[in-house]
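J.: one predicted model, sequence on top.
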Amino acid sequence: MNAPIFDKTAHEKRMEWFMQARFGMFIHWGLYAIPARGEWHKGLQQMTDKAYQKYFDAFNPTQYDPKEWARLAKAAGMKYAVLTTKHHDGFCMFDSALTDYKVTNTKAGRDLVREYVDAFRAEGLKVGFYYSIIDWHHPHYPHFNDPLHPRRGDPEYKDYKEDFDIYLDYMHGQVRELCENYGKIDILWFDYSYGEMTGEKWRATELIKMVRSLQPNVIIDNRLECQSESSLNTDTPNYYSGDFISPEQVLPPAGMFDNAGNRIPWEACITMNEHWGYSAHDKRFKPADLLIRKLVECVSKDGNLLLNVGPDAKGRIPAESVEILTQIGSWMKDNSESIYHCGYAGMDKPEYGRLTRNGNKIYFHLMENAIGLVPLAGIKKDDIKEICRLADGSEVKIVDDWRVHYFKDTTFIHVTDEPTLPDPIDTVIEITLKGDEK
């Protein structure tokens, strides 16, 4: 039987909302919030299941309020969210019928994923599930010879015989549960392939056929295939290649392209500090102005930003993250039109900032002030219908006086007489070109 073919037309259709949304919330939360040293704690410390059990026994997030999380995400200008339903430690935040190692058997006593789904849908946000295809708790996931497993190199497991197909049946079964039991799911975010553990090692074609039969419009990341690149950049993507590329903790220099030079969908996943899961001692939070500029950079390169929060063991998003998201939301309230539905502007990046575009509207993101006048490189003044500052709608004038006569091919505008920009983070100038509105 021939392998199913990647349907590019269906791919483009299901990606439409994602390419318009541009900004989402990643949520890394699980038992690892208790040791508070990040989500890889069990693996890095090479802990046994017995040693890790104390976190299962203690897990009781009494202050978990997904409605508050959803309101925060929406106020920040985010359009979707992705929650860890199971991370590498194998602990399930949902009520899986296939394991006892789940949140309903902790002191929490309820399905926290269902509460997340209901809360975020109620705010009009798209709902995504992260699911680790790695599992350090399952007895049939490779132990001794796996480079990541907490029991790697442990003599106790040297001659232990795993049956990986038993694990794969389990993993596929849990993905089926996520696809069947929570209504329409917008994103499935698998994590991740490495070494020989890639592609059909996961019975990837079989898995995606099942997913597409249950959730035909769900968007899937590329990590069944690999962690960074993807066959999406070829003429013949694998059926299981996913819908977008997911660079982690880095922004592509120019965006992501296929072999023919066409832009392809991507989403950068970025932490606020240096950890995904809650880390009590990591206070190296990125400031809001940096993250706003990085969001703009992603959009200017036709990409999305998935910005992470790591709730603590009680279920609270750290105060630093709340403050940062509040500041981002303040900027987005005035300038979100330059983010949503926008992408690559088709012109070179200006020296002072970035460009985004939606149809006949081009957004100049001024992140550095000019001396006197701001040049609109690449735009002829005869093509301009109107110009305004996006935040308040105030008119911005084209200047054609003695100062610019030498630069006849460049359009200049006057933004401010002050030595600093009206918005020191990013002053957005909206240029509406003549022609039909999009």
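T.: Here it is on my side, so go on. Residues are numbered from 1 along each chain as shown.
J.: CA atoms only for whichever strand or helix holds Leu306, dumped as PDB, please.
T.: Mapping Leu306 onto the secondary structure by DSSP states H and E places it in strand 304-309. C-alpha atoms of strand 304-309 as PDB (Å, rounded to 0.1, in the frame of the first residue of the first chain):
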ATOM      1  CA  ASN A 304       4.800  33.300  15.000                       C
ATOM      2  CA  LEU A 305       6.000  33.700  18.600                       C
ATOM      3  CA  LEU A 306       5.000  31.100  21.200                       C
ATOM      4  CA  LEU A 307       6.000  32.700  24.500                       C
ATOM      5  CA  ASN A 308       6.300  30.500  27.600                       C
ATOM      6  CA  VAL A 309       5.100  30.700  31.100                       C
END
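J.: contact partners of it?
T.: Residues lying outside strand 304-309 but in contact with it, judged by C-beta atoms under 8 Å, 6 or more residues apart in numbering, are 18-19, 21-28, 69, 78, 82, 244, 265-272, 276, 291, 294-295, 298-299, 317-318, 321, 325. Any C-beta I mention is one placed from the backbone N, CA and C, and that applies to glycine too.
J.: what domains does the record give for this structure?
T.: According to automatic domain parsing, the chain is divided into the following domains: 8-338, 353-433.
J.: can I get those in a markdown table including mean pLDDT?
T.: Below are the domains of the chain laid out as a markdown table (pLDDT from 0 to 100):
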| stretch | mean pLDDT |
| --- | --- |
| domain 8-338 | 97 |
| domain 353-433 | 95 |
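J.: go through those and name the closest to Gly346.
T.: Distances from Gly346 to each of the domains of the chain were compared using C-beta to C-beta; the shortest belongs to domain 353-433, at 6.6 Å.
J.: now the closest one, how far from the chain's geometric center?
T.: Its chain's C-alpha centre lies 31 Å from the corresponding centre of domain 353-433 when counted by C-alpha atoms, centre = their mean, to the nearest Å.
J.: same deal with stretch 116-135?
T.: So, by C-alpha atoms, centre = their mean, the centroid of stretch 116-135 is 12 Å from its chain's centroid.
J.: Met93 against Trp29, yeah?
T.: Yes - if you go by C-beta atoms under 8 Å, Met93 and Trp29 touch, sitting 7.1 Å apart.
J.: all strands of the stretch 101-250 of the chain, in order?
T.: For the stretch 101-250 of the chain, the strands identified by DSSP state E, counting those that start in this stretch occupy 126-132, 187-191, 219-220, in order along the chain.
J.: and the first one, which strands flank it?
T.: Translated: strand 126-132. strand 80-86 (parallel), strand 187-191 (parallel) (DSSP bridges).
J.: tell me which of those sits most buried.
T.: strand 80-86 (a mean of 26; mean count of other C-beta atoms under 10 Å).
J.: spatially, what comes nearest to Asp258 if we skip its sequence neighbours?
T.: Nearest in space to Asp258, with sequence neighbours left out and distances taken as C-beta to C-beta, 6 or more residues apart in numbering, is Asn233 at 4.5 Å.
J.: what's the burial count for the closest residue to Tyr182 other than its chain neighbours?
T.: Closest residue to Tyr182 in three dimensions, ignoring its sequence neighbours and counting by C-beta to C-beta, 6+ apart: Val117, at 5.1 Å. When counting by other C-beta atoms under 10 Å, one arrives at 23 neighbours for Val117.
J.: again, but for Glu156
T.: The burial count assigned to Glu156 is 10, neighbours taken as other C-beta under 10 Å.
J.: state the distance from it to Pro150.
T.: Using C-beta to C-beta, to the nearest Å, one obtains 12 Å as the distance from Glu156 to Pro150.
J.: how about Glu12?
T.: Shown here: Glu12 relative to Pro150, a distance of 41 Å by C-beta to C-beta.
J.: quick one: which of the two has more around it?
T.: With other C-beta under 10 Å as the criterion, Glu12 and Pro150 differ in neighbour count, and Pro150 comes out ahead with 23 against 12.
J.: how about the more buried one, what does it touch?
T.: With C-beta under 8 Å, 6+ apart, Pro150 has these contacts: 42-43, 45-48, 136.
J.: okay if I get the residues you listed as JSON lines plus distance to Lys102, neighbour count and secondary structure?
T.: Compiled in JSON lines, the contacts of Pro150 are given as follows (distance: C-beta to C-beta, whole Å; neighbours: other C-beta atoms under 10 Å; DSSP: H, G, I helix; E, B strand; the rest coil):
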{"residue": "Lys42", "distance to Lys102": "16", "neighbour count": "25", "secondary structure": "helix"}
{"residue": "Gly43", "distance to Lys102": "20", "neighbour count": "18", "secondary structure": "helix"}
{"residue": "Gln45", "distance to Lys102": "23", "neighbour count": "13", "secondary structure": "coil"}
{"residue": "Gln46", "distance to Lys102": "24", "neighbour count": "13", "secondary structure": "coil"}
{"residue": "Met47", "distance to Lys102": "19", "neighbour count": "19", "secondary structure": "coil"}
{"residue": "Thr48", "distance to Lys102": "20", "neighbour count": "13", "secondary structure": "coil"}
{"residue": "Trp136", "distance to Lys102": "15", "neighbour count": "24", "secondary structure": "coil"}
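J.: show me which of the residues you listed is closest to Thr420.
T.: Within the set of the contacts of Pro150, Gly43 lies nearest Thr420; the separation is 47.2 Å, counting by C-beta to C-beta.
J.: could you measure from the closest one over to Arg151?
T.: Distance from Gly43 to Arg151, counting by C-beta to C-beta: 10 Å.
J.: Ala288 now?
T.: With C-beta to C-beta as the criterion, Ala288 and Arg151 are 41 Å apart.
J.: what sits opposite the residue nearest to the spatial centre of the chain in the beta ladder?
T.: Nearest to the geometric centre of the chain sits Leu306, at 2.4 Å (C-alpha atoms, centre = their mean). In this structure, Leu306 has beta-bridge partners Gly24, Cys269, where bridges are defined by DSSP bridges.
J.: same question for Lys102.
T.: Using DSSP bridges, the bridge partners assigned to Lys102 are Cys92.
J.: does it really touch Ser96, like I thought?
T.: Yes - in terms of C-beta under 8 Å, Lys102 counts as a neighbour of Ser96; the distance is 5.3 Å.
J.: quick one: the strands in the stretch 251-400 of the chain?
T.: With DSSP E, counting those that start in this stretch applied, the stretch 251-400 of the chain shows strands at 267-270, 304-309, 353-358, 361-366, 374-376, 384-389, 397-399, listed in chain order.
J.: mind checking which of those is nearest Tyr406?
T.: Distances from Tyr406 to each of the strands of the stretch 251-400 of the chain were compared using C-beta to C-beta; the minimum, 12.1 Å, belongs to strand 374-376.
J.: ok, the closest one: who's next to it in the sheet?
T.: The sheet places strand 374-376 alongside strand 411-414 (antiparallel), with pairing taken from DSSP bridges.
J.: quick check: what element follows the strand it pairs with along the chain?
T.: Toward the C-terminus from strand 411-414 - assigned by DSSP H and E - lies strand 427-433.
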